[in-house]
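Participant: any chance you can model this:
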Amino acid sequence: MEKVTQVQALLKQFPWGRIETDGTFAEPLVRAYYNVLGTEGFGYWSIPGGSNAHLQQPSNTSDPSGALRVEDTKGFEHGNMLLSNKLLTDETGWKLEKRLIPRLVFEPGMEPELASKADIVDWDSWYRWRNLPKESPAALLLHYPLTVYQLLVNVLHVTGPKRNSPESRQALNVHYIGAEVELNMLPLFSELALLLPYTDIKMTFFGIAVHSIVNKAKKNSIVKKAKQNEPVYTYTSPASCGASTLSIFLHGDHEDWDPRLPFLLGSKPDAIVGPNAGLTSYPAWQFVILCCHTDNTPFAVTEYAEQSAELQRDAFPQIIAHALPRLHSTGMNGSELHNLTRPREYPIAFNPFQRPGQRNLGSVRLPNVPNGFTMRVVGSDQQEIIHAVSAGVPLPASDLSELLQKTEQFSLNGLD
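Facilitator: You can find the predicted model right below:
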(Lines give C-alpha, C1' and ligand atoms only; values in the text may rest on other atoms or scores of the structure.)
Protein backbone atom coordinates (compact mmCIF):
# COMPACT_ATOMS: atom_id res chain seq x y z
CA MET A 1 0.00 0.00 0.00
CA GLU A 2 3.02 2.30 0.27
CA LYS A 3 2.98 3.07 -3.47
CA VAL A 4 -0.77 3.75 -3.38
CA THR A 5 -0.11 6.37 -0.70
CA GLN A 6 2.70 7.88 -2.79
CA VAL A 7 0.53 8.13 -5.90
CA GLN A 8 -2.28 9.76 -3.95
CA ALA A 9 0.04 12.19 -2.17
CA LEU A 10 1.57 13.25 -5.48
CA LEU A 11 -1.90 14.05 -6.83
CA LYS A 12 -3.26 15.78 -3.74
CA GLN A 13 -0.57 18.49 -3.81
CA PHE A 14 -2.51 20.07 -6.71
CA PRO A 15 -5.75 22.03 -6.14
CA TRP A 16 -7.32 20.10 -9.02
CA GLY A 17 -6.10 16.74 -7.67
CA ARG A 18 -9.36 15.10 -6.64
CA ILE A 19 -9.38 11.38 -5.86
CA GLU A 20 -12.62 9.66 -6.84
CA THR A 21 -14.36 7.16 -4.56
CA ASP A 22 -12.83 4.26 -6.52
CA GLY A 23 -9.33 5.74 -6.09
CA THR A 24 -8.98 7.00 -9.66
CA PHE A 25 -8.31 10.48 -11.04
CA ALA A 26 -10.79 11.89 -13.56
CA GLU A 27 -8.30 13.75 -15.73
CA PRO A 28 -10.87 14.62 -18.44
CA LEU A 29 -12.82 16.63 -15.86
CA VAL A 30 -9.74 18.75 -15.13
CA ARG A 31 -9.18 19.30 -18.83
CA ALA A 32 -12.82 20.29 -19.22
CA TYR A 33 -12.55 22.72 -16.30
CA TYR A 34 -9.67 24.49 -18.05
CA ASN A 35 -11.46 24.29 -21.44
CA VAL A 36 -8.75 22.12 -22.99
CA LEU A 37 -10.66 18.87 -23.49
CA GLY A 38 -11.05 17.92 -27.12
CA THR A 39 -9.57 16.64 -30.34
CA GLU A 40 -8.89 19.29 -32.98
CA GLY A 41 -8.01 22.86 -32.07
CA PHE A 42 -6.92 22.27 -28.48
CA GLY A 43 -3.21 22.87 -28.97
CA TYR A 44 -0.90 20.62 -26.99
CA TRP A 45 -3.93 19.07 -25.29
CA SER A 46 -5.41 17.53 -28.44
CA ILE A 47 -6.25 13.85 -27.93
CA PRO A 48 -8.32 11.30 -29.86
CA GLY A 49 -10.73 10.62 -27.00
CA GLY A 50 -12.00 7.10 -26.47
CA SER A 51 -10.66 4.50 -24.05
CA ASN A 52 -7.44 3.61 -25.91
CA ALA A 53 -4.32 5.07 -24.36
CA HIS A 54 -2.49 4.16 -27.58
CA LEU A 55 -3.88 4.70 -31.06
CA GLN A 56 -1.34 2.47 -32.76
CA GLN A 57 -1.31 -1.10 -31.52
CA PRO A 58 0.67 -3.41 -33.80
CA SER A 59 -0.31 -6.43 -31.74
CA ASN A 60 -2.92 -7.41 -29.17
CA THR A 61 -5.58 -5.39 -30.96
CA SER A 62 -8.40 -7.40 -29.40
CA ASP A 63 -9.42 -6.87 -25.83
CA PRO A 64 -9.36 -10.19 -23.95
CA SER A 65 -10.82 -8.60 -20.83
CA GLY A 66 -14.11 -7.85 -22.55
CA ALA A 67 -14.06 -4.39 -20.99
CA LEU A 68 -16.32 -1.65 -22.31
CA ARG A 69 -14.42 0.39 -24.87
CA VAL A 70 -15.12 3.85 -26.27
CA GLU A 71 -13.91 4.33 -29.82
CA ASP A 72 -11.41 7.03 -30.75
CA THR A 73 -12.39 10.06 -32.80
CA LYS A 74 -12.34 8.94 -36.42
CA GLY A 75 -9.82 10.73 -38.59
CA PHE A 76 -7.67 11.90 -35.69
CA GLU A 77 -3.96 11.32 -36.06
CA HIS A 78 -1.24 12.22 -33.59
CA GLY A 79 0.95 14.94 -35.07
CA ASN A 80 -1.76 16.45 -37.28
CA MET A 81 -0.52 19.92 -36.36
CA LEU A 82 2.82 19.09 -37.97
CA LEU A 83 1.02 19.02 -41.33
CA SER A 84 0.64 22.80 -41.07
CA ASN A 85 3.42 25.29 -41.76
CA LYS A 86 3.37 27.03 -38.41
CA LEU A 87 4.38 25.87 -34.93
CA LEU A 88 2.23 26.57 -31.91
CA THR A 89 3.26 29.34 -29.54
CA ASP A 90 3.12 29.28 -25.73
CA GLU A 91 -0.37 30.79 -25.90
CA THR A 92 -1.84 28.79 -28.80
CA GLY A 93 -0.30 25.57 -27.54
CA TRP A 94 -1.23 25.72 -23.86
CA LYS A 95 -4.52 27.66 -24.19
CA LEU A 96 -4.35 28.60 -20.50
CA GLU A 97 -4.21 31.85 -18.56
CA LYS A 98 -0.81 33.48 -18.91
CA ARG A 99 0.06 32.94 -15.24
CA LEU A 100 -0.49 29.17 -15.62
CA ILE A 101 1.81 28.68 -18.63
CA PRO A 102 5.39 27.37 -18.25
CA ARG A 103 6.73 29.69 -20.90
CA LEU A 104 9.58 28.95 -23.29
CA VAL A 105 9.90 32.54 -24.51
CA PHE A 106 10.77 34.86 -21.63
CA GLU A 107 10.54 38.54 -20.98
CA PRO A 108 13.87 40.03 -19.81
CA GLY A 109 14.63 38.99 -16.25
CA MET A 110 11.83 36.39 -16.12
CA GLU A 111 13.94 33.34 -16.99
CA PRO A 112 14.14 30.52 -14.45
CA GLU A 113 17.24 30.15 -12.32
CA LEU A 114 20.17 28.24 -13.86
CA ALA A 115 19.16 24.62 -13.27
CA SER A 116 22.57 23.68 -11.84
CA LYS A 117 21.84 26.03 -8.93
CA ALA A 118 18.44 24.48 -8.25
CA ASP A 119 17.50 21.07 -6.87
CA ILE A 120 14.77 19.81 -9.18
CA VAL A 121 13.73 16.36 -8.00
CA ASP A 122 9.92 16.25 -8.17
CA TRP A 123 6.85 18.22 -9.20
CA ASP A 124 6.97 20.48 -6.16
CA SER A 125 10.55 21.62 -6.82
CA TRP A 126 9.90 21.96 -10.56
CA TYR A 127 6.83 24.19 -10.02
CA ARG A 128 8.85 26.40 -7.65
CA TRP A 129 11.75 26.59 -10.09
CA ARG A 130 9.38 27.58 -12.90
CA ASN A 131 7.53 30.02 -10.60
CA LEU A 132 4.20 28.40 -11.43
CA PRO A 133 1.24 28.06 -9.07
CA LYS A 134 0.12 24.49 -8.41
CA GLU A 135 -3.18 25.60 -9.89
CA SER A 136 -1.55 25.15 -13.31
CA PRO A 137 -2.39 21.76 -14.87
CA ALA A 138 0.95 21.77 -16.73
CA ALA A 139 2.02 18.49 -15.09
CA LEU A 140 -0.72 16.69 -17.01
CA LEU A 141 1.36 17.16 -20.17
CA LEU A 142 4.88 17.84 -18.96
CA HIS A 143 5.24 14.40 -17.42
CA TYR A 144 6.50 13.35 -20.86
CA PRO A 145 9.60 15.58 -21.08
CA LEU A 146 10.26 15.49 -17.34
CA THR A 147 10.12 11.71 -17.36
CA VAL A 148 12.78 11.77 -20.09
CA TYR A 149 14.80 14.03 -17.78
CA GLN A 150 14.38 11.52 -14.95
CA LEU A 151 15.48 8.64 -17.17
CA LEU A 152 18.54 10.43 -18.55
CA VAL A 153 19.70 11.98 -15.27
CA ASN A 154 18.65 9.70 -12.43
CA VAL A 155 18.18 6.30 -14.07
CA LEU A 156 20.84 6.11 -16.79
CA HIS A 157 23.15 8.87 -15.49
CA VAL A 158 24.20 9.90 -19.01
CA THR A 159 23.88 13.61 -18.22
CA GLY A 160 22.93 16.00 -15.42
CA PRO A 161 22.22 19.66 -14.65
CA LYS A 162 25.63 20.09 -13.00
CA ARG A 163 27.67 18.00 -15.41
CA ASN A 164 28.49 20.59 -18.09
CA SER A 165 29.89 24.13 -18.24
CA PRO A 166 30.40 26.96 -20.76
CA GLU A 167 33.90 25.60 -21.40
CA SER A 168 32.82 21.97 -21.66
CA ARG A 169 29.48 21.44 -23.38
CA GLN A 170 27.93 18.02 -23.94
CA ALA A 171 26.43 16.68 -27.16
CA LEU A 172 23.64 14.28 -26.18
CA ASN A 173 22.05 11.97 -28.75
CA VAL A 174 18.75 10.43 -27.55
CA HIS A 175 16.43 8.02 -29.35
CA TYR A 176 12.80 8.15 -28.25
CA ILE A 177 10.89 5.00 -29.24
CA GLY A 178 7.13 4.60 -29.50
CA ALA A 179 6.09 8.27 -29.71
CA GLU A 180 2.38 8.92 -30.26
CA VAL A 181 0.64 11.67 -28.27
CA GLU A 182 4.05 13.31 -27.84
CA LEU A 183 3.84 14.37 -31.51
CA ASN A 184 1.13 16.85 -30.49
CA MET A 185 3.43 18.67 -28.07
CA LEU A 186 6.97 18.59 -29.43
CA PRO A 187 7.85 22.12 -28.18
CA LEU A 188 7.30 20.95 -24.60
CA PHE A 189 10.47 18.87 -24.83
CA SER A 190 12.31 22.21 -24.79
CA GLU A 191 12.05 21.84 -21.04
CA LEU A 192 15.06 19.52 -21.34
CA ALA A 193 17.16 22.40 -22.68
CA LEU A 194 16.20 24.48 -19.64
CA LEU A 195 16.87 21.63 -17.21
CA LEU A 196 20.27 20.65 -18.69
CA PRO A 197 22.53 23.72 -19.01
CA TYR A 198 25.31 23.79 -21.60
CA THR A 199 23.95 20.73 -23.40
CA ASP A 200 23.23 20.22 -27.10
CA ILE A 201 20.45 17.66 -27.32
CA LYS A 202 19.50 15.75 -30.45
CA MET A 203 16.29 13.73 -30.05
CA THR A 204 15.05 11.37 -32.75
CA PHE A 205 11.52 10.02 -32.46
CA PHE A 206 10.58 6.58 -33.78
CA GLY A 207 7.31 4.69 -33.99
CA ILE A 208 4.29 3.77 -36.06
CA ALA A 209 2.64 7.15 -35.48
CA VAL A 210 5.87 8.91 -36.49
CA HIS A 211 6.11 6.86 -39.68
CA SER A 212 2.47 7.58 -40.51
CA ILE A 213 2.55 11.36 -40.07
CA VAL A 214 5.89 11.79 -41.88
CA ASN A 215 4.51 9.92 -44.88
CA LYS A 216 1.58 12.35 -45.04
CA ALA A 217 3.94 15.33 -45.31
CA LYS A 218 2.74 18.14 -47.56
CA LYS A 219 4.75 20.79 -49.33
CA ASN A 220 5.89 23.53 -46.90
CA SER A 221 4.56 21.59 -43.89
CA ILE A 222 6.60 21.32 -40.69
CA VAL A 223 6.84 17.54 -41.00
CA LYS A 224 8.19 17.83 -44.56
CA LYS A 225 11.53 18.67 -42.95
CA ALA A 226 11.70 15.10 -41.65
CA LYS A 227 11.85 13.83 -45.23
CA GLN A 228 14.79 16.16 -45.80
CA ASN A 229 16.62 14.89 -42.69
CA GLU A 230 16.17 18.26 -41.02
CA PRO A 231 14.90 18.89 -37.49
CA VAL A 232 11.17 19.56 -37.31
CA TYR A 233 11.68 21.63 -34.18
CA THR A 234 14.58 23.49 -32.59
CA TYR A 235 14.96 25.53 -29.43
CA THR A 236 17.76 27.40 -27.68
CA SER A 237 17.43 28.23 -24.00
CA PRO A 238 18.32 31.75 -22.76
CA ALA A 239 22.00 32.46 -22.19
CA SER A 240 21.33 32.81 -18.47
CA CYS A 241 20.00 29.22 -18.49
CA GLY A 242 23.05 27.79 -20.24
CA ALA A 243 22.16 28.39 -23.92
CA SER A 244 21.37 24.70 -24.39
CA THR A 245 19.93 23.56 -27.69
CA LEU A 246 17.30 20.99 -28.61
CA SER A 247 16.83 19.57 -32.10
CA ILE A 248 13.97 17.13 -32.70
CA PHE A 249 14.07 14.78 -35.68
CA LEU A 250 11.35 12.37 -36.83
CA HIS A 251 12.39 9.08 -38.42
CA GLY A 252 9.63 8.31 -40.88
CA ASP A 253 11.25 5.78 -43.18
CA HIS A 254 10.46 2.80 -40.95
CA GLU A 255 7.90 1.98 -38.28
CA ASP A 256 10.38 0.38 -35.88
CA TRP A 257 13.79 1.26 -34.46
CA ASP A 258 16.55 -0.91 -35.91
CA PRO A 259 20.32 -0.34 -35.51
CA ARG A 260 20.84 -1.77 -39.00
CA LEU A 261 19.10 1.24 -40.56
CA PRO A 262 21.64 3.05 -42.77
CA PHE A 263 21.44 6.36 -40.93
CA LEU A 264 22.08 4.62 -37.60
CA LEU A 265 25.21 2.77 -38.70
CA GLY A 266 28.15 4.30 -36.88
CA SER A 267 25.86 6.64 -34.95
CA LYS A 268 25.14 4.90 -31.68
CA PRO A 269 22.83 6.94 -29.43
CA ASP A 270 23.94 7.97 -25.96
CA ALA A 271 20.61 6.71 -24.61
CA ILE A 272 17.36 5.11 -25.72
CA VAL A 273 14.12 5.85 -23.85
CA GLY A 274 10.64 4.39 -24.13
CA PRO A 275 7.92 5.99 -21.99
CA ASN A 276 4.90 3.77 -21.20
CA ALA A 277 6.67 1.09 -23.21
CA GLY A 278 4.90 -2.21 -22.57
CA LEU A 279 8.10 -4.08 -23.41
CA THR A 280 6.61 -7.55 -23.52
CA SER A 281 3.32 -6.46 -25.09
CA TYR A 282 4.67 -5.49 -28.51
CA PRO A 283 7.01 -7.79 -30.49
CA ALA A 284 9.13 -4.92 -31.87
CA TRP A 285 10.50 -4.22 -28.39
CA GLN A 286 12.23 -7.60 -28.19
CA PHE A 287 14.68 -6.57 -30.90
CA VAL A 288 15.44 -3.32 -29.04
CA ILE A 289 16.00 -5.25 -25.80
CA LEU A 290 18.41 -7.68 -27.48
CA CYS A 291 20.33 -5.00 -29.40
CA CYS A 292 20.79 -2.77 -26.36
CA HIS A 293 22.08 -5.71 -24.32
CA THR A 294 24.45 -6.76 -27.10
CA ASP A 295 25.82 -3.27 -27.80
CA ASN A 296 25.61 -2.11 -24.17
CA THR A 297 23.53 0.90 -25.19
CA PRO A 298 21.95 2.68 -22.19
CA PHE A 299 18.21 1.97 -22.35
CA ALA A 300 15.44 2.84 -19.89
CA VAL A 301 11.66 2.81 -19.97
CA THR A 302 8.62 3.59 -17.88
CA GLU A 303 5.62 1.39 -17.22
CA TYR A 304 2.15 2.10 -15.90
CA ALA A 305 2.30 -0.53 -13.15
CA GLU A 306 5.15 -1.66 -10.91
CA GLN A 307 3.96 -5.27 -11.12
CA SER A 308 4.07 -5.12 -14.92
CA ALA A 309 7.67 -3.87 -14.79
CA GLU A 310 8.61 -6.68 -12.39
CA LEU A 311 7.18 -9.36 -14.68
CA GLN A 312 8.93 -7.83 -17.66
CA ARG A 313 12.18 -7.89 -15.72
CA ASP A 314 11.60 -11.59 -15.09
CA ALA A 315 11.03 -12.12 -18.81
CA PHE A 316 14.34 -10.58 -19.98
CA PRO A 317 16.51 -13.67 -19.28
CA GLN A 318 13.99 -15.83 -21.10
CA ILE A 319 13.84 -13.48 -24.10
CA ILE A 320 17.63 -13.57 -24.29
CA ALA A 321 17.87 -17.33 -23.83
CA HIS A 322 15.23 -17.87 -26.50
CA ALA A 323 17.17 -15.72 -28.99
CA LEU A 324 20.68 -17.03 -28.20
CA PRO A 325 20.80 -19.96 -30.65
CA ARG A 326 19.71 -17.77 -33.55
CA LEU A 327 22.04 -14.90 -32.62
CA HIS A 328 24.98 -17.25 -32.08
CA SER A 329 24.45 -18.78 -35.51
CA THR A 330 24.76 -15.34 -37.12
CA GLY A 331 28.37 -15.03 -35.96
CA MET A 332 28.05 -12.98 -32.80
CA ASN A 333 31.53 -12.17 -31.46
CA GLY A 334 32.73 -12.89 -27.93
CA SER A 335 32.28 -9.34 -26.66
CA GLU A 336 28.69 -9.19 -27.88
CA LEU A 337 27.94 -12.59 -26.38
CA HIS A 338 29.40 -11.46 -23.06
CA ASN A 339 27.28 -8.29 -23.07
CA LEU A 340 24.14 -10.25 -23.91
CA THR A 341 24.52 -12.90 -21.21
CA ARG A 342 26.34 -11.03 -18.43
CA PRO A 343 24.58 -10.67 -15.07
CA ARG A 344 22.54 -7.46 -14.91
CA GLU A 345 20.26 -5.71 -12.55
CA TYR A 346 17.01 -4.15 -13.81
CA PRO A 347 16.12 -1.64 -11.08
CA ILE A 348 12.54 -0.39 -10.88
CA ALA A 349 11.64 2.86 -9.12
CA PHE A 350 8.73 5.20 -8.44
CA ASN A 351 8.86 8.07 -10.94
CA PRO A 352 8.54 11.44 -9.14
CA PHE A 353 7.56 13.02 -12.48
CA GLN A 354 4.76 10.59 -13.29
CA ARG A 355 1.50 12.04 -14.50
CA PRO A 356 -0.48 12.90 -11.36
CA GLY A 357 -3.31 10.52 -10.57
CA GLN A 358 -4.38 6.90 -10.95
CA ARG A 359 -5.65 5.93 -14.39
CA ASN A 360 -9.39 5.61 -14.78
CA LEU A 361 -9.47 1.84 -14.25
CA GLY A 362 -11.91 1.39 -11.39
CA SER A 363 -11.23 -2.34 -11.07
CA VAL A 364 -7.52 -1.75 -10.41
CA ARG A 365 -6.42 -0.83 -6.89
CA LEU A 366 -2.66 -1.11 -7.28
CA PRO A 367 -0.95 1.98 -8.74
CA ASN A 368 -1.44 2.22 -12.50
CA VAL A 369 -0.23 5.61 -13.71
CA PRO A 370 1.10 7.05 -16.98
CA ASN A 371 4.90 7.09 -16.68
CA GLY A 372 4.40 5.67 -13.21
CA PHE A 373 7.54 3.58 -12.72
CA THR A 374 11.01 3.74 -14.24
CA MET A 375 13.10 0.71 -15.17
CA ARG A 376 16.71 0.60 -16.29
CA VAL A 377 17.06 -2.14 -18.89
CA VAL A 378 20.71 -1.54 -19.80
CA GLY A 379 22.98 0.76 -17.85
CA SER A 380 26.52 1.97 -18.28
CA ASP A 381 29.43 -0.39 -17.56
CA GLN A 382 29.96 1.35 -14.24
CA GLN A 383 26.33 0.90 -13.21
CA GLU A 384 26.28 -2.77 -14.15
CA ILE A 385 29.60 -3.53 -12.40
CA ILE A 386 28.64 -1.79 -9.18
CA HIS A 387 25.16 -3.24 -9.01
CA ALA A 388 25.65 -6.59 -10.73
CA VAL A 389 23.51 -9.47 -9.48
CA SER A 390 23.38 -13.15 -10.37
CA ALA A 391 20.84 -12.78 -13.15
CA GLY A 392 22.79 -14.34 -16.00
CA VAL A 393 21.11 -16.24 -18.77
CA PRO A 394 22.23 -19.89 -18.74
CA LEU A 395 18.72 -21.36 -18.72
CA PRO A 396 15.16 -20.04 -18.76
CA ALA A 397 13.79 -19.76 -15.23
CA SER A 398 10.18 -20.24 -16.28
CA ASP A 399 8.01 -20.49 -19.36
CA LEU A 400 8.26 -17.30 -21.45
CA SER A 401 4.71 -17.43 -22.76
CA GLU A 402 3.38 -17.71 -19.21
CA LEU A 403 5.41 -14.67 -18.12
CA LEU A 404 4.19 -12.63 -21.08
CA GLN A 405 0.60 -13.56 -20.26
CA LYS A 406 1.02 -12.45 -16.66
CA THR A 407 2.62 -9.19 -17.79
CA GLU A 408 -0.37 -8.53 -20.04
CA GLN A 409 -2.72 -8.97 -17.08
CA PHE A 410 -0.82 -6.56 -14.84
CA SER A 411 -0.19 -3.86 -17.45
CA LEU A 412 -3.80 -4.00 -18.67
CA ASN A 413 -2.68 -3.29 -22.19
CA GLY A 414 -6.09 -4.41 -23.32
CA LEU A 415 -7.21 -1.05 -21.98
CA ASP A 416 -4.23 0.89 -23.35
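Participant: could you pull out the strands for the stretch 1-150 of the chain?
Facilitator: Along the stretch 1-150 of the chain, no segments are classed as strands by DSSP state E, counting those that start in this stretch.
Participant: ranges for the helices of it?
Facilitator: Secondary structure of the stretch 1-150 of the chain, counting by DSSP state H, counting those that start in this stretch: helices at 2-12, 27-33, 90-94, 123-129, 139-150.
Participant: of all those helices, which one is nearest residue 289?
Facilitator: helix 139-150 (19.2 Å; C-beta to C-beta). Placement of C-beta: from N, CA and C, glycine included.
Participant: tell me the most buried of the helices of the stretch 1-150 of the chain?
Facilitator: Greatest average neighbour count among these goes to helix 139-150 (a mean of 24), per mean count of other C-beta atoms under 10 Å.
Participant: right, and residue 250 touches residue 224 too?
Facilitator: No. If you go by C-beta atoms under 8 Å, residue 250 and residue 224 don't touch, sitting 10.5 Å apart.
Participant: so these two - more neighbours on which side?
Facilitator: More neighbours surround residue 250 than the other of residue 250 and residue 224, with 31 against 17 (other C-beta atoms under 10 Å).
Participant: contacts only, for that one.
Facilitator: By C-beta atoms under 8 Å, 6 or more residues apart in numbering, residue 250 lies in contact with 183, 204, 205, 210, 213, 214, 223, 226, 232.
Participant: switch the cut-off to 10 Å
Facilitator: Counting by C-beta atoms under 10 Å, 6 or more residues apart in numbering, residue 250 touches 79, 82, 176, 179, 183, 186, 203-207, 209-211, 213-214, 217, 222-223, 225-227, 230-233.
Participant: same deal with residue 113?
Facilitator: The neighbourhood of residue 113, defined by C-beta under 10 Å, 6+ apart, consists of 120, 128, 129, 130, 131, 240, 241.
Participant: state the distance from the third one to residue 229.
Facilitator: Looking back up the chat, that one is residue 129. As judged by C-beta to C-beta, to the nearest Å, residue 129 and residue 229 stand 35 Å apart.
Participant: the fourth one too?
Facilitator: In this view, residue 130 and residue 229 are 33 Å apart by C-beta to C-beta.
Participant: neighbour count: the two, which is higher?
Facilitator: residue 130 (19 against 10).
Participant: pretty sure the more buried one sits against residue 138.
Facilitator: Yes. At 8.1 Å, residue 130 counts as touching residue 138 under the criterion of C-beta atoms under 10 Å.
Participant: overlap in contacts, those two.
Facilitator: 101, 102, 191.
Participant: report the longest helix in this protein, please.
Facilitator: Among the segments of the chain that qualify as a helix by DSSP state H, the longest is helix 306-329.
Participant: does anything pack onto the helix or strand just after it? Which helices or strands?
Facilitator: Once the chain leaves helix 306-329, the next helix or strand it forms, by DSSP states H and E, is helix 334-341. Where contact means 3 or more C-beta pairs under 10 Å, 6 or more residues apart in numbering; DSSP states H and E, helix 334-341 is packed against helix 284-295, helix 306-329.
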